[in-house]
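Q: the following block contains a protein sequence and its predicted model.
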Amino acid sequence: MGGLSVLRRLPVWVPPALLTLAVTLAGLDRAQLWRDELATWSAATRPVGDLLRLADTIDAATGPYYLLMHAWVAVAGDSTAALRLPAALAMTGAAALTAVLGERLSGRSAGLLAGLLFAVLPGTSRYGQEARPYALATALAVLATLLLVAALDPPPGTRPARRAARWAGYAVTVAALGLTHLVALTLLAAHGVVVLAAARRHGRRGVAAWLLALVPAVLLVGPLLLVARGQRARQLDWVDAARPEDLTGLAGGVAQSGVVGGVLVGLAALGAARLGRRALLPGAAVVLPVLLVFAAGLLVPLWVPRYLVFVVPFGCLLAGAALAGVPLLPALGVVALAGALGLPDQAALRRTHEWPRSASVDYAGAARVVAAEQRPGDAVVYSPRGSWLFLDLGLEYHLGDHRPRDVLVTADQARRADLWAAECARPAECLAGAGRVWLVVAGRHADPLTAVPGAKGAALRAGWTTDQVWPHPGLTTALLTPR
């Protein structure tokens, strides 16, 4: 019982924050960077001018995040841990804010349990250990909602200047949310519902203040949205149209565990029933973004479960309200059970190259082979070059300047203002005079030389033969020697 008394005495946000920080820092750099994180590294390590040119070509929606990471890398470096640390800190903030918001909406126990449940989700670890904007968007989504609640329901006697400051904080946070993750602005639909509901009780002054607070987001995010819309076909060409059955798998996708996702949905449903009308805010913050993104995904390629990670804290708020209906000790037991059910998934995401990191590719394994076996004058060829696997970026990250000469490159990624380099149009001419060639191909192949298509493959097969092959998860490395 002594532990329970400590929990009751601490500020409500402290236990969830500490637990989330511990969970996200555990094994932070154990899994190697995956393809999306390599894109972050490639962008963040470019000069600002090149980074702005990149955003004009592709990934404009992620451009502000890349600029933030550019500043971070300049201070902290580009190690795997350094690249992921901002996400771990953002998820820690999200857990703390979830607890504070839950306390304000449903009481201290509900806030504490919501924050702790959020902390133990495998999805919190996954996106808290990923150099992408989803963790930051999650923290900003909860912060924006907390500021909205504070602005709509200030303490009696609050001065007009303090009221204006609350709305100003909300305006800045919403603009930052949109710049971090455009899809997260679907949360504004839920905010609008809450504002209209408050207007029925307190008058329409809050509606006008809310609309005014959205102006900075419109001015800052609007141009970004227009640029990103023009890049949509290229940016999301790998995304399939949404299907009704995708909705059933969403909870498992954002929680990174089907079982834990099911537990979260069940608890959230119980919490919504227990809260009644008070479930409006967290319920709308879950349901409306999901439905809006799903509806859009029926028409354009947009339905990607990780784009909706920012709704998870609001599901935890509903679940926390359900757990608050029982004594604290059994409720903590349910949280612990949810954490235990997610342990296999927690372990898997920290392995070097395994689910749930999408498109598992062992870049580090290939780099180790090349580093151990290469000789001065060796060349390297990638196949395919222009895929989302980023085979060249993977080896560049792990080998740095000690990698073989990329013999077919005519313009690198920075020069092209792109995520992909340009290759020689006549491979046979560019390969002329090369000695040993390292061939890195996607997939596992007994003889990767036969898997290279087109003129590049014909030139390699005409002038080189396979000397040795090293298979890795997701790719194959081969050493070719001249015939």
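A: Sure, I can see it.
Q: could you use CA atoms for every contact and neighbour count after this?
A: OK.
Q: so what's residue 128 closest to, chain neighbours aside?
A: Nearest residue to residue 128 in three dimensions, chain neighbours excluded: residue 88, at 4.3 Å (C-alpha to C-alpha, 6 or more residues apart in numbering).
Q: does that neighbour lie in a helix or a strand, and which?
A: helix 80-106 (DSSP states H and E).
Q: beyond that helix, next helix or strand please.
A: Per DSSP H and E, helix 80-106 leads on to helix 108-120 as the next helix or strand towards the C-terminus.
Q: for that next one, packing partners?
A: Judged by 3 or more C-alpha pairs under 8 Å, 6 or more residues apart in numbering; DSSP states H and E, helix 108-120 is in contact with helix 14-25, helix 80-106, helix 312-323, helix 328-341.
Q: which is the next helix or strand following that helix?
A: By DSSP H and E, the next helix or strand past helix 108-120 is helix 122-128.
Q: hang on, the earlier thing: in the helix holding residue 88, what counts as buried?
A: Across helix 80-106, burial judged by 16 or more other C-alpha atoms under 10 Å covers 80-103, 105-106.
Q: in the helix or strand hosting residue 64, what's buried?
A: If you go by DSSP H and E, residue 64 is part of helix 63-76. Of the residues in helix 63-76, those scored as buried under the neighbour-count criterion (16+ other C-alpha under 10 Å) are 63-67, 69-70, 72-73.
Q: possible to save those as TSV with distance to residue 473 and pLDDT?
A: Written out in TSV, the entries for the buried residues of helix 63-76 read as follows (distance: C-alpha to C-alpha, whole Å; pLDDT from 0 to 100):
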residue	distance to residue 473	pLDDT
63	30	96
64	33	97
65	30	98
66	28	98
67	32	98
69	29	98
70	30	98
72	31	98
73	29	98
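Q: contact partners for residue 297?
A: With contacts defined as C-alpha atoms under 8 Å, 6 or more residues apart in numbering, the neighbours of residue 297 are 241-242, 303.
Q: if you rank those by neighbours, which is first?
A: Using other C-alpha atoms under 10 Å as the neighbour test, these are led by residue 303, with 24 neighbours.
Q: for residue 478, list each beta-bridge partner.
A: Partner residues in beta bridges with residue 478, using DSSP bridges, are residue 439, residue 469.
Q: let me know the pLDDT of it.
A: What the model reports as pLDDT for residue 478 is 97.
Q: isn't it up against residue 469?
A: Yes. Because the distance of 4.3 Å satisfies C-alpha atoms under 8 Å, residue 478 is recorded as touching residue 469.
Q: shared neighbours of those two, anything?
A: Taking C-alpha under 8 Å, 6+ apart as the contact definition, residue 478 and residue 469 share the neighbouring residues residue 448.
Q: residue ranges in this protein under the pLDDT threshold?
A: Counting by pLDDT under 70, the chain has low-confidence residues at 1-3, 202-203, 352-359.
Q: pull the contacting residues for the residue minimising distance to the centre of it.
A: The structure's the chain has its C-alpha centroid closest to residue 134; by C-alpha atoms, centre = their mean the separation is 3.6 Å. Residues in contact with residue 134, defined by C-alpha under 8 Å, 6+ apart, are 87, 127, 181, 306-307, 309-310.
Q: can you give me the helices for the stretch 301-450 of the chain?
A: Taking DSSP state H, counting those that start in this stretch, the helices of the stretch 301-450 of the chain run over residues 312-323, 328-341, 343-349, 363-373, 391-399, 413-416, 427-431.
Q: just to revisit the earlier point, who has more neighbours out of residue 478 and residue 469?
A: A direct count of neighbours by other C-alpha under 10 Å for residue 478 and residue 469 places residue 478 higher, at 26 against 19.
Q: how about the helices and strands packed on helix 108-120, which one is nearest residue 433?
A: Each of those has some distance to residue 433 by C-alpha to C-alpha; the shortest is helix 80-106, at 36.6 Å.
Q: and that closest one, how far out from the chain middle?
A: Using C-alpha atoms, centre = their mean, to the nearest Å, the mean C-alpha position of helix 80-106 is found 14 Å from that of the whole chain.
Q: quick one: it to helix 63-76, angle?
A: Helix 80-106 and helix 63-76 meet at an angle of 120 degrees, taking axes from the mean of the first three to the mean of the last three C-alpha atoms, to 10 degrees as the criterion.
Q: between helix 108-120 and helix 80-106, find me the angle.
A: Between helix 80-106 and helix 108-120, the angle formed by their directions is 160 degrees, by the same axes, to 10 degrees.
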